[in-house]
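Novice: structure here, sequence nowhere to be found:
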DNA sequence: CTAGTGCACTGGTCGGACCAGTAGGCTACG
DNA sequence: CGTAGCCTACTGGTCCGACCAGTGCACTAG
């Protein structure tokens, strides 16, 4: 072996150590969501740094979604419960700078959603099944109420499925990617297609999926869900890229 | 309907608008990776804000992985190529504060990795297949060289597969989650198990997967990969949670 | 007892100052 | 003439002091 390998000592900036300490306190549970940090002026005493440094640290923590501050608040910054907001932000950035195609995003949803459905089919309780059924019923009712109600019910269905599947990571990622997909479609192709027929078809597909979940047939439910998502989104995807989506259909 | 619904005007802070502008410039391609931002003192003139405000904005941009600055650099902050670092950070946070279990993380990998393998089986070129085979060959050679070389080759295999699958989002997410899983295992259960047997078994599994990819049998390859990952990681997962992993095996 | 008014805080922003570092031009030496 | 070394003009990192617009709460006047 070679001699002792020294790591380059990266100059660790003051605000970074403030971030580390607060982060550690939050992630280890010393600080719980809803609790308050001391005020900036108090923090600068505790950390022996200037207020500028404290503020830069707070900005970083805020960008990571760990705390939030509000001007005039007599208490300090509030420790937030975890939200996927930071995850969402970085995925959105990813989608823009890496130029993720709609096809890739939809494909990602097909994979995760069908996995959640497969898990749900095997692990769901009767109560969770009822939730899913209720959501689909709301989708049907929303045919009269307009698209917002429809997609709200659709989201509720997929969230119920993801919850039943029991994997929080899958749940959060599908949620993040769904919102990105929805926004992409909304801003690029506002209502160009036959929404009504699409909604009716989507409801039929959801009902088929639920039936498969009810029977506990995970693979069937997963396959149906992939097909459903393909049928729903394929029209928005350039024809040249649909092939990679079909690669997920059996 | 009710009267016109006014949205509450959220007080938009100065540094936020600086962030927005720079972010927009980067994401829209006006600023490309490698290019430099003006210096802080120059930015405070352009944006008509104080240096504190500029610096807070830069901290946020840095936390999002978009820019990086180095003291003494005669140029301003450097625009970075996208790295999943921010994604990684928020997922790691997620894993800590939401207390994601190892089982959930492994399950997530089983889902995404098998999806990548299924896609690779259908879309791969001969060249990409050769890359995967070479990586497995390196894994076998690494039996003599130690664990680091082994896992490096393993990573190379999965990266080759993910590339062949063609979905960058799957590629990045598997990568991020893999590193989290590896770190979790490394710090919690350092080498407690029979590594040698595990490595040999893993190589066999990888070879089976490659064979299935070579034949173009995506579903088989995917199934094998889930089984392989289960066998590899199940020993680290508490027995009570293995059930949810088995739910993904057929 | 309540409605209104200050006051004592908060975070947001500003301007100026100093330091340690870097790069590149300039000078002085070989 | 070439090069080694210094010098200067920048950079980002940190600190300080100040002011403003908000907020919550206690106190007061009705």
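Specialist: Right, received. Where do you want to start? Small disclaimer: the values here were computed from a predicted structure and weren't measured. Numbering: from 1, shown residues only, chains lettered A, B, ... in the order given.
Novice: so residue A:50 touches residue A:40, yeah?
Specialist: No. If you go by C-beta atoms under 8 Å, residue A:50 and residue A:40 don't touch, sitting 10.1 Å apart. For every residue, glycine as well, the C-beta is placed using N, CA and C.
Novice: tell me which of those two has more neighbours.
Specialist: Neighbours were counted for residue A:50 and for residue A:40 using other C-beta atoms under 10 Å in any protein chain shown; residue A:40 has more, 16 against 12.
Novice: which residues does the more buried one contact?
Specialist: A:51, A:54-55, A:58, A:76 (C-beta atoms under 8 Å, 6 or more residues apart in numbering or on different chains).
Novice: check contacts around whichever residue of chain A sits closest to DNA strand C.
Specialist: Closest approach of chain A to DNA strand C (C-beta to the nearest atom of the strand) occurs at residue A:39, with a separation of 3.2 Å. Neighbouring residues of residue A:39 by C-beta under 8 Å, 6+ apart: A:75-76.
Novice: what pLDDT does it get?
Specialist: Per-residue confidence (pLDDT) for residue A:39: 94.
Novice: quick check: phi and psi on it?
Specialist: phi -70, psi 160 (degrees, to the nearest 10).
Novice: run a quick neighbour tally on the closest residue to residue A:27 other than its chain neighbours.
Specialist: Excluding its sequence neighbours, the residue lying closest to residue A:27 (C-beta to C-beta, 6 or more residues apart in numbering or on different chains) is residue B:96, at 4.4 Å. Residue B:96 is flanked by 17 other residues according to other C-beta under 10 Å.
Novice: was I right to think residue B:96 contacts residue A:25?
Specialist: No. Judged on C-beta under 8 Å, residue B:96 makes no contact with residue A:25 at a distance of 12.0 Å.
Novice: show me the domain layout of chain A.
Specialist: Here the domain assignment for chain A is A:14-79, A:85-246, based on automatic domain parsing.
Novice: show me what from chain A comes close to DNA strand C.
Specialist: Residues of chain A lying near DNA strand C by C-beta under 7 Å from any atom of the strand: A:37, A:39-42, A:51-52, A:55, A:58, A:69-77.
Novice: buried subset of those, written for PyMOL?
Specialist: Entered in PyMOL, the line below selects the buried ones among these, by 16 or more other C-beta atoms under 10 Å in any protein chain shown:
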select buried, chain A and resi 37+39+40+52+55+58+69+76+77
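Novice: so which of the residues of chain A next to DNA strand C are also by DNA strand D?
Specialist: Among the residues of chain A next to DNA strand C, the ones lying near DNA strand D by C-beta under 7 Å from any atom of the strand are A:51-52, A:70-74.
Novice: these into JSON lines, with extra columns for pLDDT and secondary structure?
Specialist: Below are those laid out as JSON lines (pLDDT from 0 to 100; DSSP: H, G, I helix; E, B strand; the rest coil):
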{"residue": "A:51", "pLDDT": "96", "secondary structure": "helix"}
{"residue": "A:52", "pLDDT": "97", "secondary structure": "helix"}
{"residue": "A:70", "pLDDT": "89", "secondary structure": "coil"}
{"residue": "A:71", "pLDDT": "88", "secondary structure": "coil"}
{"residue": "A:72", "pLDDT": "83", "secondary structure": "coil"}
{"residue": "A:73", "pLDDT": "85", "secondary structure": "coil"}
{"residue": "A:74", "pLDDT": "84", "secondary structure": "coil"}
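Novice: and stretch A:69-76, how far out from the chain middle?
Specialist: Distance of stretch A:69-76 from its chain centroid, counting by C-alpha atoms, centre = their mean, to the nearest Å, is 29 Å.
Novice: angle of the helix or strand of chain A at the bottom of the mean pLDDT ranking against helix B:85-97?
Specialist: Least confident helix or strand, chain A: helix A:85-97 with a mean of 87, by mean pLDDT, DSSP states H and E. Angle between the axes of helix A:85-97 and helix B:85-97 is 160 degrees (criterion: axes from the mean of the first three to the mean of the last three C-alpha atoms, to 10 degrees).
Novice: ok now helix A:85-97, how far from the chain's centre?
Specialist: What separates the centre of helix A:85-97 from the centre of its chain is 10 Å, taken as C-alpha atoms, centre = their mean.
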